[in-house]
Each structure stands twice: as structure tokens, then as C-alpha cells.
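> Kindly return the folded structure for what I paste below:
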Amino acid sequence: MRSKSVARTILQPIAIAVGLAMLVRGAMHIYSIPSESMAPALQVGDHILVTPYLASAPERGDVIVFRSITDTRELAVKRVVGVPGDYIDSRLGRTRIGTHTLPEPYVLREAATGAISAQLVPENCYFVMGDNRANSLDSRSWGWLPREQIVGRAQLVLWSSGNGESNDAANASPMSDERVVRRADDAVRIFKWIE
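Predicted structure coming up:
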């Protein structure tokens, strides 16, 4: 009788921990950043924590990971600039919603948005752009992003293993199981909230 009690005392917390770990793993994903399209917010080699939108919708300013429009096997990461119902365009290299210039303190270079033809963002779609506007393939070239393509919101830079090299093939990729060696100057990019 006592051995059952000891076994239960040991196995029950382990089973609960494994169950919780599986639940958390299903709700959160880690991706690495291979390109400079989201600089300065995200750097090459950043490993980001992404959570799905469960009871809410993406908002203007959110950094999101989504299945690429050009190849759904690839993932990309961009910032939501226009939400459903927004009338978006650009003037003098700055993004406008309606007749108001959108404050974008996160962009790499001011007035670098380029031309956006006036358009109304449809229901269940988003207009997304990279923060490094000169080095980003985004809604300016391929159009609106359908809601069902969105994987989740980038919440946190967990750590960076950046070496300064860019891979233009994708804008986000699943984290590999390779051992990460972190340089001393990357220490600043640990547990940094994504704004």
C-alpha cells in the first residue's frame, strides 16, 4: 500500500509537468530571424517567442509571423500597418491611414515607405510591412495578408545568436535544434520585449 502512495507522490507531479509543458509548447513557438527586413526591432539571429491570437485580432503596430503569400511552406515576419477597414496610402514616403500620417518610430529610416496606392484594407485582411522598408518584400508588392495566414504575434526576443549575415530566402524560420553559441555583445538582446 505504501509503495503505491510513494509512486503516486513521485509520478503525479511529473505527469502534471509533462502535460503543462505540452500545453505551453502547443501555444508558443520559437522562430529565428534570418534577414534584415525587420531591423532595427529584430536583428539577424534573434530567436523570438510567438504566441497565437486566441480571442483577439492583430492590431496596428503588432509584429506578426505568418505563412508567406508567395510560398506557404515559408514563414515571414512583418509589422501590421493597416487593419480591416483602414484606408491606407503614402505621401512623401510616409504611411497614412485616412488623412493622418501614421507615427512609425520603429522604422529604420524615416520617409522610406515608398509608394502605396490608396486602398481600403478588406475584412479579414491586413497590410503589413517590414521596419527596414528598403529591404522588405511586403504588402506593398504582394498585397493584403489574409487573416488565416497569420501564425501569431512576436512577443519577445529570447536570445540572439546573430553573426551579422543575412539570408534573404525567408523572413522567419523555425528554430533548429543546433546548439547556439552566443557572443558577449549579444547579451543585450536577451529577453527583450518586441515593440
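> now the helices for the chain?
2-27, 139-142 (DSSP state H).
> Would you mind measuring from R96 to E104?
Distance of R96 to E104, given as Cβ to Cβ, to the nearest Å: 11 Å. For glycine as for every other residue, the C-beta is placed from the backbone atoms N, C-alpha and C.
> do the same with P84
Distance of P84 to E104, given as Cβ to Cβ: 20 Å.
> now E74
In this view, E74 and E104 are 26 Å apart by Cβ to Cβ.
> what about these two, which has more around it?
Neighbour tally, E74 and E104, criterion other Cβ atoms under 10 Å: the higher count belongs to E104, 18 against 14.
> per-residue pLDDT, that one?
pLDDT for E104: 94.
> what's across from the nearest residue to it once chain neighbours are set aside in the sheet?
Counting by Cβ to Cβ, 6 or more residues apart in numbering, E104 lies nearest to T95, which is 6.3 Å off, once chain neighbours are set aside. Under DSSP bridges, the beta-bridge partners of T95 are S90.
> low-scoring pLDDT stretches of this protein, where are they?
Flagging of the chain using pLDDT under 70 yields the residue ranges 1-4, 6-7, 15-27, 162-188.
> Now do the strands in this protein.
All strands of the chain, identified by DSSP state E, fall at 29-32, 46-51, 63-67, 75-82, 87-91, 94-97, 100-101, 119-120, 125-129, 145-146, 150-160, 173-174, 192-193.
> Just put those strands in a markdown table and tack on distance to S136 and mean neighbour count.
Putting the strands of the chain into a markdown table (distance: least, Cβ to Cβ, whole Å; neighbours: other Cβ atoms under 10 Å) gives the following:
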| stretch | distance to S136 | mean neighbour count |
| --- | --- | --- |
| strand 29-32 | 17 | 20 |
| strand 46-51 | 16 | 21 |
| strand 63-67 | 13 | 22 |
| strand 75-82 | 7 | 25 |
| strand 87-91 | 14 | 17 |
| strand 94-97 | 13 | 19 |
| strand 100-101 | 20 | 10 |
| strand 119-120 | 18 | 14 |
| strand 125-129 | 6 | 25 |
| strand 145-146 | 13 | 20 |
| strand 150-160 | 15 | 20 |
| strand 173-174 | 16 | 14 |
| strand 192-193 | 21 | 12 |
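> Understood, closing this out.
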